[in-house]
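Sequence first, predicted coordinates after that:
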Amino acid sequence: MKRNHVSGLDGYFMTIKETCEFFDFSRSTCYREEKFNPKFPKLVKISPRRKAFRTQEVINYGEGLK
């Protein structure tokens with residue numbers, strides 16, 4: 001897999017934990033942002049019991065906050 005040049009993250013998906021650390025949010029704040037903020041990246045179902053955020057969407061949203 002190609003390493004992401006912006007933040008040094010690997011892969012196409014970020015777990016909720018990685019996303020919260022990226023934004024310095026609590027877990028509940030991450031879920032609240034995903035639910036109520038239409039611009040915040042949305043969780044994607046990647047297996048029957050697992051959801052994650054798309055890495056590029058997280059990075060794009062973070063760059064928009066600067």
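Structure's in. What do you need? Quick caveat, the model's predicted, so the values are computed rather than measured. Residues are numbered from 1 along each chain as shown.

any idea how far Phe25 is from Arg32?
Counting by Cβ to Cβ, to the nearest Å, the separation of Arg32 from Phe25 is 9 Å. (C-beta placed from N, C-alpha, C; glycine too.)

Surely Phe25 and Tyr31 touch.
No: in this structure, Phe25 is not within contact of Tyr31 by Cβ atoms under 8 Å, at 9.3 Å.

Could you tell me the model confidence score at Lys2?
On pLDDT, Lys2 comes in at 42.

Then the one 5 residues further on?
The predicted local confidence for Ser7 comes out at a pLDDT of 50.

Repeat that for the one 4 residues further on.
The score at Gly11 is 77. That number is its pLDDT.

Touching, it and Thr55? I think so.
Yes: with contacts counted by Cβ under 8 Å, Gly11 reaches Thr55, the gap being 6.3 Å.

Now do the residue sitting furthest away from the middle of the chain against Lys35, distance only.
Residue farthest from the centre of the chain, counting by Cα atoms, centre = their mean, is Pro48 at 18.8 Å. Taking Cβ to Cβ as the measure, Pro48 falls 21 Å from Lys35.

what stretches of this structure score poorly on pLDDT?
1-10 (pLDDT under 70).

how about a cut-off of 80?
Scanning the chain for pLDDT under 80 picks out 1-11, 65-66.

can you pull out the strands in it?
13-14, 43-47, 50-54 (DSSP state E).

Could you say which of those strands is packed most deeply?
strand 13-14 (a mean of 22; mean count of other Cβ atoms under 10 Å).

Look up how far Tyr12 lies from the closest residue to Phe40 other than its chain neighbours.
Nearest non-adjacent residue to Phe40, counting by Cβ to Cβ, 6 or more residues apart in numbering: Glu33, 4.3 Å away. Computed with Cβ to Cβ, the distance linking Glu33 and Tyr12 is 21 Å.

Give me the more crowded residue out of these two.
Glu33 (17 against 14; other Cβ atoms under 10 Å).

Quick check, that one in contact with Phe25.
Yes: checked against Cβ under 8 Å, the pair Glu33 and Phe25 is within contact range at 7.0 Å.
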